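Chemist: Return a 3D structure for these sequence lines:
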Amino acid sequence: MAQQKTRIQRREALISATRKVARESGLAGTSVRAVAAEAAVSVGSVLYYFPNFDELMFATVEGVMEEFYERRRAISDAHTDPRARLAALIVAGVPDEISSDLRMAYESIPLLRQQPQYKPLHRSVVERQVMLYRSAIEIGVALGDFHPTTGIDVIARNIVALEDAYDMYPLIGFDLPAAGYRRNIASYVQTALACELPPLEALEQPAGGAAG
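Modeler: Predicted structure coming up:
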């Protein structure tokens, strides 16, 4: 039992070191030697606890994306009014500043072709975000707050797709205010659901806030 606990702790320490290196250097600049140096262990020790470096990288990205989803879920759960819930999710979904962790999640997308094990991970995060929006919309419909002009699943997926697209803008060189992107998404939601959302300004997070 003690040996298993030690192994788990060592793996977690290596994941934490990998995450720190990736934050500073990006996924492309993360190597087994850099992780070993950050964790103050040998390269052999890194590969002792993980069969290969790709598995360590996957575990790191998986942890980042799980935390990202859990933060969004907590934001959703904090609002009982479906209109406020949608507004809060939109604000969280397009942060003013793309955090290093969120950047890491997007940087892992090019790995999908060479490493298909990332596909279920990305797909799961997308589907769970869609579920958050779909749930909020269904509650609003039941309460009479929302009047969808098309299928609820279509609307939820469009919102997530817009968020992902706008989050990618800073990564490809578009230096525009995120508040404008949030208003664009809110405008779509209000049209698609024939509703009025609360002002986003009252819910906006400071840079590097809860979304990333």
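Chemist: By mean pLDDT, flag the weakest helix or strand of this protein.
Modeler: helix 100-107 (a mean of 82; mean pLDDT, DSSP states H and E).
Chemist: how about that helix: buried residues?
Modeler: Applying a neighbour-count criterion of 16 or more other Cβ atoms under 10 Å, one finds Ser100, Asp101, Leu102, Arg103, Met104, Ala105, Tyr106, Glu107 buried in helix 100-107. Just so you know, the C-beta spots here come from the backbone N, C-alpha and C atoms, and that holds for glycine as well.
Chemist: got a list of contacts for the helix or strand harbouring Ala88?
Modeler: Per DSSP states H and E, Ala88 falls inside helix 82-93. Helix 82-93 has contacts (Cβ atoms under 8 Å, 6 or more residues apart in numbering) with 71-72, 75-76, 78-79, 129, 132-133, 136-137, 139-140, 143, 145-146, 159-160, 163, 167, 182, 185-186, 189, 195-200, 203-205, 209-211.
Chemist: and Gly26, what does it touch?
Modeler: Arg103, Met104, Glu107.
Chemist: can you pull the contacts of the second one?
Modeler: Okay, so that is Met104. Met104 touches Arg19, Ala22, Arg23, Gly26, Leu27, Thr60, Val61, Val64, counting by Cβ under 8 Å, 6+ apart.
Chemist: any low-confidence regions in this protein?
Modeler: 204-212 (pLDDT under 70).
Chemist: Quick check: Ile98 vs Phe68, distance?
Modeler: To Phe68, Ile98 is 12 Å away according to Cβ to Cβ, to the nearest Å.
Chemist: Can you classify the residue nearest the centre of the chain as helix, strand or coil?
Modeler: Nearest to the mean C-alpha position of the chain, by Cα atoms, centre = their mean, lies Phe68 at 4.1 Å. Look at Phe68: counting by DSSP: H, G, I helix; E, B strand; the rest coil, its state is helix.
Chemist: what sits against it?
Modeler: Contact analysis of Phe68 by Cβ under 8 Å, 6+ apart lists Asp101, Leu102, Ala105, Val125, Gly212.
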